[in-house]
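1. With the input below, show me the fold.
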Amino acid sequence: MAIKDVVANGLTTFDDNPVNYRTWKTTFKAVTKDLGLSEREEADLLMKWLGTNSSKVVMRLRAVHSHDHKAGLKVLWERLDNEYGAPELIESILLNKLENFAKIGQKDNQKLRELADLLSEIQVAKGDERLPGLAFFDTAKGVNIQ
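-> Sure thing, here's the model as predicted:
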């Protein structure tokens with residue numbers, strides 16, 4: 001029962017958004033780290049806390065590796081990392097969000113807050129050594145993006 005409480009209070013369902021994947025994974029790993037779970041139990045828990053699309057990816061792979069839970073869990077994490085945590089994907093999503101951001105009117109405070117949040121997200125992501133492509137924003141072209 002204590003394990004269920006720890007997990008239920010510390011985990012959220014992954015929203016299938018690559019920009020949120022690394023944070024979600026870090027939280028998942030931190031919450032489950034000291035629970036002493038077997039590979040099968042971790043895979044079960046992983047399935048429970050994935051989103052609609054990510055759980056489909058894992059379900060297909062899990063069936064293939066049902067005979068070796070350790071190797072299967074490794075493959076599951078590798079696939080999720082490739083599908084949702086690839087640096088190129090995250091960099092591209094952030095750049096597209098900025099390029100496609102709607103024009104802000106004179107009295108559109110909400111849009112201005114949303115832009116500030118997006119810029120903060122990019123600023124934090126730039127500090128992540130796994131996202132070297134975001135250094136683009138420190139170049140003359142990146143600064144002048146329109």
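
2. Give me the pLDDT for the residue nearest the centre of the chain.
-> By Cα atoms, centre = their mean, the chain has its centre lying nearest to Y21, at 0.9 Å. Note on Y21: pLDDT of 93.

3. Against T32, how distant is the residue lying closest to it once chain neighbours are set aside?
-> Excluding the flanking residues, the one nearest Y21 by Cβ to Cβ, 6 or more residues apart in numbering is Y84, at 3.8 Å. Yep, even glycine has a C-beta here, placed from its N, CA and C like the rest. For Y84, the distance to T32 equals 18 Å [Cβ to Cβ, to the nearest Å].

4. Among those two, which residue is more densely surrounded?
-> Y84 (24 against 20; other Cβ atoms under 10 Å).

5. residues of stretch 16-26 that come out buried?
-> Residues D16, P18, Y21, R22, W24, K25 are the ones in stretch 16-26 that count as buried (16 or more other Cβ atoms under 10 Å).

6. again with stretch 67-79
-> For stretch 67-79, burial by neighbour count (16+ other Cβ under 10 Å) applies to H69, G72, L73, V75, L76, W77.

7. With adjacent residues omitted, what lies nearest to L76?
-> Using Cβ to Cβ, 6+ apart, the nearest residue to L76 is V58, at 5.2 Å.

8. which residues touch the one you found?
-> Applying Cβ atoms under 8 Å, 6 or more residues apart in numbering, we find V58 in contact with A43, L46, M47, L50, L76, R79, L80.

9. circling back to that earlier point, of the buried residues of stretch 67-79, which is the nearest to E99?
-> For these, the closest approach to E99 (Cβ to Cβ) belongs to W77, at 31.2 Å.

10. on that earlier part again, weed out the non-buried ones from the contacts of V58.
-> The neighbour count (16+ other Cβ under 10 Å) marks A43, L46, L50, L76, L80 as buried among those.

11. Great, nothing more from me.
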